[in-house]
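Peer 1: below is the structure, and that's it, no one-letter string:
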């Protein structure tokens, strides 16, 4: 992979576009209710925002920048948490965190977010990293042959996936709390709420905006395009280690945990 293209494609996706990507993932009812009903306390964003954020960023870091051995180790850690995520008789939809079809959807959402940010910030060619993006799913249980063969095949998969997007009232309320930064202390959430809602809505394809009932105008789109162009100008001149922060820091933390025998997930 030339110049670690997939690694650099991560720029900003877990930060600026992070909440939009969560919405996209949870827009499939089994994923949404799997998160909403999860019995994994350490994974609860509203109770443990730092732990939950670190786990997510570390997963992205190890999937895109880690070694095969590091991915295997992190898979074991995530699998222990995922073993507790499955539907019950009271669940409105059936789900299981080990469902490879649902994992593929989550990986596809992650790739879509990376591609959008990469195009906006660098203007590069996603073909450089598309095949390697399979690691976003294969780091868990997605089999390599499940990843769409090329970007044309991905576009077809994505179009079919959009047909299954449904956000019910319970999941929408949960996601709206994320959009409004309710997992942060008020002193941090209130000043950033308006900007976060704007950026999150901007990164969402229209189908997801409609499901979330988030308004978006042509004027909003123009402002969003100007913002991305300005950010892209800055990103392109930043040194590589700065561009990849905080993912590089998360990967170093993972390697420290491996060396010292500490838990990789949920601590």
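Peer 2: Sure thing, it's come through. What you see is a predicted model; the values in this text were computed from it and never measured. Numbering: from 1, shown residues only.

Peer 1: which residues does residue 106 contact?
Peer 2: Applying CB atoms under 8 Å, 6 or more residues apart in numbering to residue 106 gives the contacts 25, 31, 137. In this view, the C-beta of every residue, glycine as well, is placed from N, C-alpha and C.

Peer 1: repeat that for 7 Å
Peer 2: Listed by CB atoms under 7 Å, 6 or more residues apart in numbering, the contact partners of residue 106 are 25, 31.

Peer 1: in the helix or strand hosting it, what's buried?
Peer 2: Following DSSP states H and E, the helix or strand that holds residue 106 is helix 100-122. By 16 or more other CB atoms under 10 Å, the buried positions in helix 100-122 come out as 102-118, 120-122.

Peer 1: now swap in stretch 24-40 and tell me
Peer 2: In stretch 24-40, counting by 16+ other CB under 10 Å, buried: 24-38, 40.

Peer 1: which member of these is positioned nearest residue 65?
Peer 2: residue 25 (20.9 Å; CB to CB).

Peer 1: surely the closest one and residue 31 touch.
Peer 2: Yes. Between residue 25 and residue 31 there is a contact under CB atoms under 7 Å: 5.5 Å.

Peer 1: what residues are up against the residue in the chain sticking out farthest from the centre?
Peer 2: Among the C-alpha atoms of the chain, the one most distant from their mean position (CA atoms, centre = their mean) is that of residue 89, at 28.5 Å. Residue 89 sits next to no residue when contact means CB under 7 Å, 6+ apart.

Peer 1: wait, a strand at it?
Peer 2: No. Residue 89 is assigned coil when assessed by DSSP: H, G, I helix; E, B strand; the rest coil, not a strand.

Peer 1: now residue 86: phi and psi?
Peer 2: Dihedral angles of residue 86 (phi, psi; degrees, to the nearest 10) stand at phi -160, psi 160.

Peer 1: wait, doesn't it sit right on residue 94?
Peer 2: No. Contact criterion CB under 7 Å: residue 86 and residue 94 do not qualify, at 8.7 Å.

Peer 1: where does the protein have low pLDDT?
Peer 2: 1-14, 122-124, 266-267 (pLDDT under 70).

Peer 1: try 80
Peer 2: 1-15, 41-43, 118-129, 235-238, 240, 242-243, 266-267 (pLDDT under 80).

Peer 1: between residue 86 and residue 94, which one's more packed in?
Peer 2: residue 86 (17 against 13; other CB atoms under 10 Å).

Peer 1: now do the end-to-end distance for stretch 175-183.
Peer 2: 11 Å (CA to CA, to the nearest Å).

Peer 1: buried stuff in it?
Peer 2: 175, 178-181, 183.

Peer 1: could the residues you listed be laid out in a markdown table, adding secondary structure?
Peer 2: A markdown table is the format used below for those (three-state DSSP):
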| residue | secondary structure |
| --- | --- |
| 175 | helix |
| 178 | helix |
| 179 | helix |
| 180 | coil |
| 181 | coil |
| 183 | coil |
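
Peer 1: show me where the chain has helices.
Peer 2: 5-9, 18-26, 29-36, 49-65, 68-82, 100-122, 135-138, 151-162, 169-179, 186-203, 206-212, 218-237, 240-243, 247-260 (DSSP state H).

Peer 1: and the third one, how far out from the chain middle?
Peer 2: For helix 29-36, the distance between its averaged C-alpha position and the chain's averaged C-alpha position is 15 Å (CA atoms, centre = their mean, to the nearest Å).

Peer 1: cool, and stretch 209-222?
Peer 2: On CA atoms, centre = their mean, the centre of stretch 209-222 falls 20 Å from that of its chain.
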